[in-house]
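Participant: everything below, folded, please.
(4 chains)
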Protein chains: 4
Amino acid sequence: MPNTFGHLFQITTWGESHGGGVGVVVDGCPSRLALTEADIQRDLDRRRPGQSKIVTPRKETDTCQILSGTFQGKTLGTPISIWVKNEDQRAEAYREMETMYRPSHADYTYQAKYGIRNWQGGGRSSARETIGRVAGGAVAMKVLKKFAPKLEIVAYVEQIHTLKAAITPDKVSYAEVESNIVRWPDAKGAEKAVRLIERVRKAGDSVGGIVTCIARNVPVGLGEPVFDKLEADLAKAMMSLPASKGFEVGSGFGCVELKGSEHNDPFVMRSGRVRTTSNRSGGIQGGISNGEDIVFRVAFKPVATIIQAQKTVSTQGKAAILRARGRHDPCVLPRAVPMVEAMTRLVLTDHLLRQRTIA
Amino acid sequence: MPNTFGHLFQITTWGESHGGGVGVVVDGCPSRLALTEADIQRDLDRRRPGQSKIVTPRKETDTCQILSGTFQGKTLGTPISIWVKNEDQRAEAYREMETMYRPSHADYTYQAKYGIRNWQGGGRSSARETIGRVAGGAVAMKVLKKFAPKLEIVAYVEQIHTLKAAITPDKVSYAEVESNIVRWPDAKGAEKAVRLIERVRKAGDSVGGIVTCIARNVPVGLGEPVFDKLEADLAKAMMSLPASKGFEVGSGFGCVELKGSEHNDPFVMRSGRVRTTSNRSGGIQGGISNGEDIVFRVAFKPVATIIQAQKTVSTQGKAAILRARGRHDPCVLPRAVPMVEAMTRLVLTDHLLRQRTIA
Amino acid sequence: MPNTFGHLFQITTWGESHGGGVGVVVDGCPSRLALTEADIQRDLDRRRPGQSKIVTPRKETDTCQILSGTFQGKTLGTPISIWVKNEDQRAEAYREMETMYRPSHADYTYQAKYGIRNWQGGGRSSARETIGRVAGGAVAMKVLKKFAPKLEIVAYVEQIHTLKAAITPDKVSYAEVESNIVRWPDAKGAEKAVRLIERVRKAGDSVGGIVTCIARNVPVGLGEPVFDKLEADLAKAMMSLPASKGFEVGSGFGCVELKGSEHNDPFVMRSGRVRTTSNRSGGIQGGISNGEDIVFRVAFKPVATIIQAQKTVSTQGKAAILRARGRHDPCVLPRAVPMVEAMTRLVLTDHLLRQRTIA
Amino acid sequence: MPNTFGHLFQITTWGESHGGGVGVVVDGCPSRLALTEADIQRDLDRRRPGQSKIVTPRKETDTCQILSGTFQGKTLGTPISIWVKNEDQRAEAYREMETMYRPSHADYTYQAKYGIRNWQGGGRSSARETIGRVAGGAVAMKVLKKFAPKLEIVAYVEQIHTLKAAITPDKVSYAEVESNIVRWPDAKGAEKAVRLIERVRKAGDSVGGIVTCIARNVPVGLGEPVFDKLEADLAKAMMSLPASKGFEVGSGFGCVELKGSEHNDPFVMRSGRVRTTSNRSGGIQGGISNGEDIVFRVAFKPVATIIQAQKTVSTQGKAAILRARGRHDPCVLPRAVPMVEAMTRLVLTDHLLRQRTIA
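Facilitator: Numbering: from 1, shown residues only, chains lettered A, B, ... in the order given. A predicted model of the protein is given here:
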């Protein structure tokens, strides 16, 4: 249960950052969908370390292997097991972590919870765990393409530290996002963002930011009225990503400063369909998709592992100074984009299959 | 599944705002805990309509009855069924809803999802559904008191529209919160908040706001490393409440403007325990509680049902003007406080029982 | 979880034999199915005590009330809460159970598990708990009728003690089964069965027997290949009924004395469909329905509560003699028939909805 | 969900008989248990093909690799991923299966359910899938040893075709069972059983049989009162094994011929504990373990794949004669013993962890 996500379309991820690798078992995938490693690799490449000068230089090709669940290039309806080996492991670079807790990292809480932890890297708290999510999301996209062919999910970096992208959200395209290494849809400003991250890296520090995600052409009727509201499941999905601190949908925290008469989205008929003239609901009403764009934002904190010296305590309960080595992202945002997309695909696929059981 | 929340300590809620009533089945509750209706009624009274001049005047005593699961005042370990009758039903006041969709309400999406809806009130989207959550939360509190006797959960209204409470979060007490009808912990400013809500109500409009929740003395080690991170389950719980639009934990969206060196919470030893000198983590690191206060904030939008005339469409697809009647909250915040507390209790109880399986 | 059955079509039962009543919440039911109390009452009447001279004389009308989930006679797609009050409670007749454990009953194990039990009747181990299952099964039948209109489920008593019904299983009809109070499809022999049960009752003793169940016109493809094989879920369903001791499907234990060449069911084409010329598979191959009749048998032990004096121990750990009073079934079989049918409906409905998610 | 078993201690198996291998992810395992490949290999070796002259000669060492979840020989509390490669694949030997359905096998139902199947072997219906179960069961045993150190599970072959072992069930030991290649605890008769199986193999036929399983020193209080009765979960576990056709606990189907006064197990005090003087309950009362030996029996049919020519139909719907090649077990019973033990371990571990949440 703790390592499984979804009700009908389920992924179970496994693996530590140091060890035999990381992987995922995808269960509940409909049969007869074309699926090969290439379909998955495309997204893994967007997530992988070493993809550009502004992310961690850990050298991992993150090459995936499908071990089960397909036959002659098609899904069998049986569990799809996907495996990515760990290649560039440097346990030595983490030697300090054996005896010290990194501030704001998971070292201390893992030790307190389990009485043991793999200190050679972040174990399950490492961003490597998200490989399984991204791979699962790639499979989910196949399901979405089958049952909702026009559906489109685009995520992008909207803000890094205090730098904000100049954009019109409903126009952002995948091509624009992928046009630069920050995944910053405002091509003109991208260079600024790159420089900001490089500056921070040189200072041995880190910065956070905001990812916005938009899902277009989502079928009306996805989501459940009570606990499994679509925004609730999206919130859980996003807040389960490493380093996320906040989630908001549609008007989000900004809703507070509007009155009901200003905030409500008036209904109109357009091309024979019920539509709204504004979208403060963010595409979800009463927990259920209304056919407008689903729009939400996720805040990611500055990465906890920094090179600057930090005050902490040792596992023996003594005051200590930590100077981390290892290879770390100065800013997780560019790599968070495919993670956010993957979790969105998983949530929408699960609800799409759920809706098929009652419709 | 769609109406059940929790893995080990589970609630299943049922009931529409108009019909035979609403209720909850609580499953997974340990045996031999003292439990009577009075334990539950206290919280239901804080949630109920008609409790003050600033909430909906619907006349419901919300008197609960325990139908199963206890014997001679103690829990049996078997499912606890709790029922609250609907008393003050006025289907007529909702007659317009039979043929028109309320903007930003669930009317349209329910119709699209199910092809049918109970238009005599909000059905499952009504705040009456939360009776089951609050009752379940009261039972959960019994479990928390047994296994974590010093644990304390306090929620309060921090902001309404643009009005903000002047407070020091870590000092807020239950008594302060309950000292006024807004649940505004800044006693001096409470009268202002009351007047604001009354003004909005007279205008036939509505306002939203922010609830902050603090859980103190939470045992270290609750939460799972990956999907069921404690903040992920809290986010889902809060975003499943009616009208919520955003969730943030610890530094929240504010984390974005800090660098890692500013954001990290340094560890120190204090009274033989590992503690942090700041709490931007909000009491959770790597998805797991670290023993510091768990602090999060939830944004609630202005209630969708307003008295002012609104543009909408009819179920026949015609442009229409809706003038709602019925009895509505101009501001859901005062009643949201016990809902937020209840969901927090449920999440913490579930994780506390989960931790007992592995520790 | 412990009181919930099913993955997509779920029932959660609650209630003790003595207390506020028993009930069920049905979740995952598709919307727009016609459903009233009368649809449910029909099956409850076949299960209820006092229905004939050979079952317990406890006087319960078992009148059900639908408290939620329907509107104007149709299902809403929201949880359906059904409640049956306990009426004829005689806690005094169970006074001995406060201090003594009934042999082969649940008294001792409940006490050991929970440290408390409702000794005024059997608590959750009472056959009254099955009211919720039968009510849930009646709702499930509505779903089956919609998605598999020709599907038919017939259960009957095949054996009581050493008395066996003379029947041809694939011809047995609902009308035949209901033509007598034993639910003995061999009308000629029914009188013998009645006399057997009456004799046992007069002796203050009890007898068991075998229920056979046949599901006809089940769609091909229901069931999962591995853990959730159709026969595995049926086995769990049946072995979860009070007093059941054995389950077998198709050839069952008899399979052991045949060789593969004798046991295999040859395939043939008939009316353009793949069929088998024998049915030792019992309608399920590789865990999945093959379109032939699903046939299985369930053994029920003689009821544990008997009037004859029995050796036991007291809750204080002393040797004791128990002479039960109360009103008990001398033979649970006639009332087990609707229970077996209900559980079969629940399993098939769940798998039918599951199949819709991938097909 | 369809490929996951258990609620708290969960295994998710994956893999087809032909393809990249088979494996399992074990989730919910407590931390700090000593665990290496050797602990798992011992049981896999008892399950593997080629272990003796009476099982399939397919050459597989079934060497397992732990890919995650342990560190320095101890469990981390994180998911344990275990992988076994397929080595001796001979897709060509299954060429006939591409166009013909094996009688009483899963070929037809898989095709009907999924519209596709891996015909190079049995896919998920192959006994290779049980590698994941046996590996998961080996991990479960570690948990049982920690929390219930005296618990012991022994399974053995009690009957093959019409040949029955001469045994006293409560004396059977693991050493006796493993003393011969049939796992026949009556050492004297074992040679007869071997000859029977060899005779059947030479005839190109197959035989079934019965496995009995005994769990000794099970803690009192495991199991849930209603749906998740211990015998219900064991029944599901056993009926989910390939080729099983029946399950009975304690007196089983034999209960039918006894009266209540003969069948009930009288309680007595022995060494200060509540015990029974007979064990027709099979160690479970009201769904909950009572501390006596848990005893149940499972019937396995003769393997469907035989060498003799059989009538069947082709995937094109034409009558056909199938002469299977490939390497098949003439009798699955010797290899079923470790499978039955593994599923028993999984069920008991899950319930043991569940009991810890409420006790």
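Participant: tell me who's in contact with residue A:76.
Facilitator: Residues near residue A:76 by C-beta atoms under 8 Å, 6 or more residues apart in numbering or on different chains: A:31, A:69-70, D:16, D:114, D:116-118, D:123-124. Where you see a C-beta, it was placed from the backbone N, CA and C, and this is true even at glycine.
Participant: which ones among the residues you listed lie within strands?
Facilitator: residue A:70 (DSSP state E).
Participant: show me which of the contacts of residue A:76 neighbour chain C.
Facilitator: Counting by C-beta under 8 Å from any C-beta of the partner chain, A:31, D:114, D:123-124 from the contacts of residue A:76 sit close to chain C.
Participant: thinking again about what came up before, just the buried subset of the contacts of residue A:76, please.
Facilitator: For these, a burial check counting by 16 or more other C-beta atoms under 10 Å in any protein chain shown picks out A:31, A:69-70, D:16, D:114, D:116-118, D:123-124.
Participant: quick check, nearest of those to chain B?
Facilitator: Closest approach to chain B among the buried ones among the contacts of residue A:76 (C-beta to the nearest C-beta): residue A:69, at 20.8 Å.
Participant: can I get the buried ones among the contacts of residue A:76 in JSON lines including pLDDT and distance to residue A:341?
Facilitator: Below are the buried ones among the contacts of residue A:76 laid out as JSON lines (pLDDT from 0 to 100; distance: C-beta to C-beta, whole Å):
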{"residue": "A:31", "pLDDT": "97", "distance to residue A:341": "24"}
{"residue": "A:69", "pLDDT": "97", "distance to residue A:341": "22"}
{"residue": "A:70", "pLDDT": "97", "distance to residue A:341": "22"}
{"residue": "D:16", "pLDDT": "95", "distance to residue A:341": "30"}
{"residue": "D:114", "pLDDT": "97", "distance to residue A:341": "28"}
{"residue": "D:116", "pLDDT": "96", "distance to residue A:341": "28"}
{"residue": "D:117", "pLDDT": "95", "distance to residue A:341": "32"}
{"residue": "D:118", "pLDDT": "93", "distance to residue A:341": "31"}
{"residue": "D:123", "pLDDT": "91", "distance to residue A:341": "32"}
{"residue": "D:124", "pLDDT": "95", "distance to residue A:341": "30"}
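Participant: would you turn the residues you listed into CSV with distance to residue C:98?
Facilitator: Below are those laid out as CSV (distance: C-beta to C-beta, whole Å):
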residue, distance to residue C:98
A:31, 57
A:69, 56
A:70, 61
D:16, 57
D:114, 56
D:116, 61
D:117, 59
D:118, 60
D:123, 56
D:124, 52
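Participant: anything in the helix ranked longest in chain A near chain D?
Facilitator: In chain A, taking DSSP state H as the definition, the longest helix is helix A:333-358. No. Applying C-beta under 8 Å from any C-beta, one finds helix A:333-358 separated from chain D by no less than 11.2 Å.
Participant: can you get me a residue count around residue A:204?
Facilitator: Applying other C-beta atoms under 10 Å in any protein chain shown, we find 16 residues neighbouring residue A:204.
Participant: so it makes contact with residue A:306?
Facilitator: Yes. Contact criterion C-beta atoms under 8 Å: residue A:204 and residue A:306 qualify, at 5.9 Å.
Participant: tell me which element residue A:306 falls in.
Facilitator: Counting by DSSP states H and E, residue A:306 is held by no secondary-structure element, helix or strand.
Participant: and chain A, which of its residues are near chain C?
Facilitator: Taking C-beta under 8 Å from any C-beta as the contact definition, chain A meets chain C at A:8, A:28-31, A:77-78, A:225, A:353-354, A:356-359.
Participant: could you dump those into JSON lines with distance to residue C:36 added?
Facilitator: Below are the residues of chain A next to chain C laid out as JSON lines (distance: C-beta to C-beta, whole Å):
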{"residue": "A:8", "distance to residue C:36": "31"}
{"residue": "A:28", "distance to residue C:36": "35"}
{"residue": "A:29", "distance to residue C:36": "39"}
{"residue": "A:30", "distance to residue C:36": "36"}
{"residue": "A:31", "distance to residue C:36": "39"}
{"residue": "A:77", "distance to residue C:36": "38"}
{"residue": "A:78", "distance to residue C:36": "42"}
{"residue": "A:225", "distance to residue C:36": "23"}
{"residue": "A:353", "distance to residue C:36": "31"}
{"residue": "A:354", "distance to residue C:36": "27"}
{"residue": "A:356", "distance to residue C:36": "27"}
{"residue": "A:357", "distance to residue C:36": "24"}
{"residue": "A:358", "distance to residue C:36": "20"}
{"residue": "A:359", "distance to residue C:36": "23"}
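Participant: neighbours of the residue in the stretch 151-300 of chain A that chain B sits nearest to, how many?
Facilitator: Among all residues of the stretch 151-300 of chain A, residue A:286 sits closest to chain B, at 2.3 Å; criterion: C-beta to the nearest C-beta. Other residues within reach of residue A:286, judged by other C-beta under 10 Å, total 27.
Participant: again, but for residue A:208
Facilitator: Residue A:208 sits with 29 neighbouring residues when counted by other C-beta under 10 Å.
Participant: helix/strand/coil for residue A:153?
Facilitator: strand (DSSP: H, G, I helix; E, B strand; the rest coil).
Participant: would you mark the buried spots in the helix or strand bottoming out on mean pLDDT in chain A?
Facilitator: Least confident element among the helices and strands of chain A, by mean pLDDT, DSSP states H and E: helix A:95-99 (a mean of 89). Of the residues in helix A:95-99, A:96-97 count as buried by neighbour count, 16+ other C-beta under 10 Å.
Participant: contact partners of it?
Facilitator: Looking at what lies outside helix A:95-99 - C-beta under 8 Å, 6+ apart - the contacts are A:107, A:119-120, A:314-316, A:320, A:322-325.
Participant: related to what we said a few turns ago, from the ones next to chain C among the contacts of residue A:76, which is closest to residue B:299?
Facilitator: Minimum distance to residue B:299 across the ones next to chain C among the contacts of residue A:76 is 42.2 Å, recorded for residue A:31 (C-beta to C-beta).
Participant: circling back to that earlier point, closest one of the contacts of residue A:76 to residue B:248?
Facilitator: Using C-beta to C-beta, residue A:69 comes nearest to residue B:248 of the contacts of residue A:76, at 38.1 Å.
Participant: just give the closest residue to the closest one, not the sequence neighbours.
Facilitator: Distances taken as C-beta to C-beta, 6 or more residues apart in numbering or on different chains place residue A:80 nearest to residue A:69, at 3.3 Å, with adjacent residues excluded.
Participant: identify the bridge partners of that neighbour.
Facilitator: Applying DSSP bridges to residue A:80 yields these beta-bridge partners: residue A:26.
Participant: nearest to chain B within the stretch 1-150 of chain A, name that residue for me.
Facilitator: residue A:106 (2.3 Å).
Participant: hmm, back to that, most neighbours, which of the contacts of helix A:95-99?
Facilitator: Counting neighbours by other C-beta under 10 Å, the top entry in these is residue A:107, with 26 neighbours.
Participant: what's the pLDDT at that residue?
Facilitator: As predicted, residue A:107 sits at a pLDDT of 96.
Participant: for it, grab phi and psi.
Facilitator: Dihedral pair for residue A:107: phi -60, psi -50, per degrees, to the nearest 10.
Participant: where does chain A dip in pLDDT?
Facilitator: For chain A, the stretches with pLDDT under 70 are A:326.
Participant: again, only using 80
Facilitator: By pLDDT under 80, the low-scoring segments of chain A are A:1, A:89, A:91, A:325-327, A:359.
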